[in-house]
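**Student:** sequence and computational prediction follow.
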Amino acid sequence: MVHLSHTKVKALLAMKPESQEVTVKGWVRTKRGNKNVAFIALNDGSVIHNIQVVANPELFSEDLMKNITTGACLRITGSLVESIGSGQPVEIQAREIELFGAADPNTFPLQKKGHSMEFLRDIAHLRPRTNTFGAVLRVRHAMAFAVHKYFNDHGFFYLHTPVITGSDAEGAGEMFHVTTFDLKNPPRTPEGEIDYSLDFFARQTNLTVSGQLEGELGAMALGEIYTFGPTFRAENSNTPRHLAEFWMIEPEMAFYEIRDNMDLAEDFVKYLVKYALDNCADDLAFFNQMYDNELVERLKFVVENDFIRMSYTDAVEILMKSEQKWEFPVSWGSDLQAEHERYLVEKHFKKPVILTDYPKKIKAFYMYQNEDDLTVRGMDVLFPKIGEIIGGSQREHRLEKLEQRIREMGIPEKDLWWYLDTRRFGTAPHAGFGLGFERLILFVTGMGNIRDVIPFPRTPRNAEF
């Protein structure tokens, strides 16, 4: 067991105060008081709450007390006693204070006043020290742990799929290219094209947009796998819902059909939300108070309700009969927008919704084609406030159907020979889905912008830190 030279604030706040000697290390949130007494609020990131330290200025040098300002880092040793004031159960009567690092109040950008989210994005190297971002990062950790725990407990294997790849899983084409060439003078073929055969990988490569295709290869051997890693889209979207680098959770399961896939998606996402409610109560209470006073109620709503399941076609009928005024018109064959998805969840059913059987022309090449030749066994899980949180499908395991679809969509078969081999050698029904990790964190925290639920957001024109 690791024996630290100090006790975390989280542990101190749970201890019974018996005037025992304790040592705490952390950063000053605030200092107030007068010439007779100073109250220092100290936080070490272990919990949203601060611990109050009571210091008698007569016991410490004037120079030290002057340097105890917001942002300064301290080691404090003293007695843990019951707090007389309201707001905290215990406090520390300081006997020793060591200043690890001062923070000049004239230049330290995080002062006691509130700061805008835009300002904090410009100082993303310091924003984890705020209450909001400390809470976001603790919830993010808890959700990542819960993802691994869920799949491990259900017999899934964690598969590490490549970050550098030669395939474009979605056929979207919006990829970051990977090369070692001198961009000012790349080698060229006799026809004047860039000669990628001379590049590091001897072919054109890019950062992955999804681990799904490689995940399917794993499922065809191990049965049930999941990937959880960074993915990249070079989409020039400056919106509160898009990042250029984000994390995806992608399970793939052999012998699953669409109903099994829906069952897993519902159980998985309910487990994650319940894990947050059970293990992040203090941070969720903070978000509920400061950002979204319906947050905890909405999280419980998802856990306590069975998800409605219906076809895309039936959903379009409901939307067209709703007499709502839509920013984007609804018609069969068009992709549903967030406004349509949220209407179904928040107004019509008042429950989370799973839609299936989408028109094949708006879905990816790998989805299982239904007998009507118009729809595929795709599925989207729709949540309140957020719209689609999970997208998935039963995968097309029939070689002829898959080859036909690849040709229809103009995707080069030579790039997917290895993927098609899984349909040539021991093919089997299988299914999977993708959950955008940041979308999940948005939902669980109630934050309004996806840039505020990842430590260092990568967006158009922004790769600082």
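**Tutor:** That came through, no problem.
**Student:** which SS state does residue 96 fall under?
**Tutor:** Under the three-state scheme (DSSP: H, G, I helix; E, B strand; the rest coil), residue 96 adopts strand.
**Student:** again, but for residue 252
**Tutor:** Classified using three-state DSSP, residue 252 is strand.
**Student:** tell me the bridge partners for it.
**Tutor:** Beta-bridge partners for residue 252, by DSSP bridges, are residue 225, residue 432.
**Student:** for it, give me its contacts.
**Tutor:** For residue 252, the contact set (CB atoms under 8 Å, 6 or more residues apart in numbering) comprises 212, 215-216, 218-219, 224-227, 395, 430-432. C-beta coordinates here come from the backbone N, C-alpha and C atoms, glycine included.
**Student:** next: residue 160.
**Tutor:** Contacts of residue 160 by CB under 8 Å, 6+ apart are 227, 229.
**Student:** recalculate using a threshold of 10 Å.
**Tutor:** 211, 214, 218, 227-229 (CB atoms under 10 Å, 6 or more residues apart in numbering).
**Student:** about what we covered before: any chance of the contacts of residue 252 in CSV, with neighbour count, pLDDT and distance to residue 193 too?
**Tutor:** Converted to CSV, the contacts of residue 252 look like this (neighbours: other CB atoms under 10 Å; pLDDT from 0 to 100; distance: CB to CB, whole Å):
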residue, neighbour count, pLDDT, distance to residue 193
212, 26, 95, 29
215, 23, 97, 32
216, 24, 97, 31
218, 21, 98, 34
219, 26, 98, 37
224, 20, 98, 42
225, 26, 98, 37
226, 26, 98, 39
227, 23, 98, 33
395, 27, 98, 34
430, 25, 98, 37
431, 29, 98, 39
432, 26, 98, 36
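**Student:** sorry, back to before: could you dump the contacts of residue 160 to a markdown table with secondary structure and distance to residue 139?
**Tutor:** Shown next, in a markdown table, are these (DSSP: H, G, I helix; E, B strand; the rest coil; distance: CB to CB, whole Å):
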| residue | secondary structure | distance to residue 139 |
| --- | --- | --- |
| 211 | coil | 24 |
| 214 | helix | 29 |
| 218 | helix | 29 |
| 227 | strand | 22 |
| 228 | strand | 16 |
| 229 | strand | 19 |
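**Student:** near the closest residue to residue 328 other than its chain neighbours, how many other residues are there?
**Tutor:** By the measure of CB to CB, 6 or more residues apart in numbering, the closest residue to residue 328 outside its immediate chain neighbours is residue 337, 4.6 Å from it. Residue 337 sits with 16 neighbouring residues when counted by other CB atoms under 10 Å.
**Student:** for residue 337, grab phi and psi.
**Tutor:** Dihedral pair for residue 337: phi -100, psi 170, per degrees, to the nearest 10.
**Student:** show me where the stretch 51-200 of the chain has helices.
**Tutor:** 62-67, 117-122, 131-153 (DSSP state H, counting those that start in this stretch).
**Student:** packing partners for the last one?
**Tutor:** Going back to what we said before, that points to helix 131-153. helix 117-122, strand 157-158, strand 224-232, strand 245-254, helix 258-279, helix 281-290, helix 437-445 (3 or more CB pairs under 10 Å, 6 or more residues apart in numbering; DSSP states H and E).
**Student:** out of those, the one nearest residue 370 is which?
**Tutor:** helix 258-279 (9.8 Å; CB to CB).
**Student:** then that closest one to PDB, C-alphas only?
**Tutor:** Below are the C-alpha coordinates for helix 258-279, written out as PDB (Å, rounded to 0.1, in the frame of the first residue of the first chain):
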ATOM      1  CA  ILE A 258     -30.000  -5.900 -34.400                       C
ATOM      2  CA  ARG A 259     -32.200  -6.700 -31.400                       C
ATOM      3  CA  ASP A 260     -29.100  -8.000 -29.400                       C
ATOM      4  CA  ASN A 261     -27.300  -4.800 -30.400                       C
ATOM      5  CA  MET A 262     -30.100  -2.600 -29.100                       C
ATOM      6  CA  ASP A 263     -30.300  -4.600 -25.800                       C
ATOM      7  CA  LEU A 264     -26.600  -4.100 -25.200                       C
ATOM      8  CA  ALA A 265     -26.600  -0.400 -26.100                       C
ATOM      9  CA  GLU A 266     -29.500   0.300 -23.700                       C
ATOM     10  CA  ASP A 267     -28.000  -1.800 -20.900                       C
ATOM     11  CA  PHE A 268     -24.500  -0.200 -21.400                       C
ATOM     12  CA  VAL A 269     -25.600   3.400 -21.400                       C
ATOM     13  CA  LYS A 270     -27.900   2.900 -18.400                       C
ATOM     14  CA  TYR A 271     -25.100   1.300 -16.500                       C
ATOM     15  CA  LEU A 272     -22.800   4.300 -17.200                       C
ATOM     16  CA  VAL A 273     -25.400   6.900 -16.100                       C
ATOM     17  CA  LYS A 274     -26.200   4.900 -13.000                       C
ATOM     18  CA  TYR A 275     -22.500   4.600 -12.200                       C
ATOM     19  CA  ALA A 276     -22.200   8.400 -12.400                       C
ATOM     20  CA  LEU A 277     -25.200   8.900 -10.100                       C
ATOM     21  CA  ASP A 278     -23.700   6.400  -7.600                       C
ATOM     22  CA  ASN A 279     -20.100   7.500  -7.700                       C
END
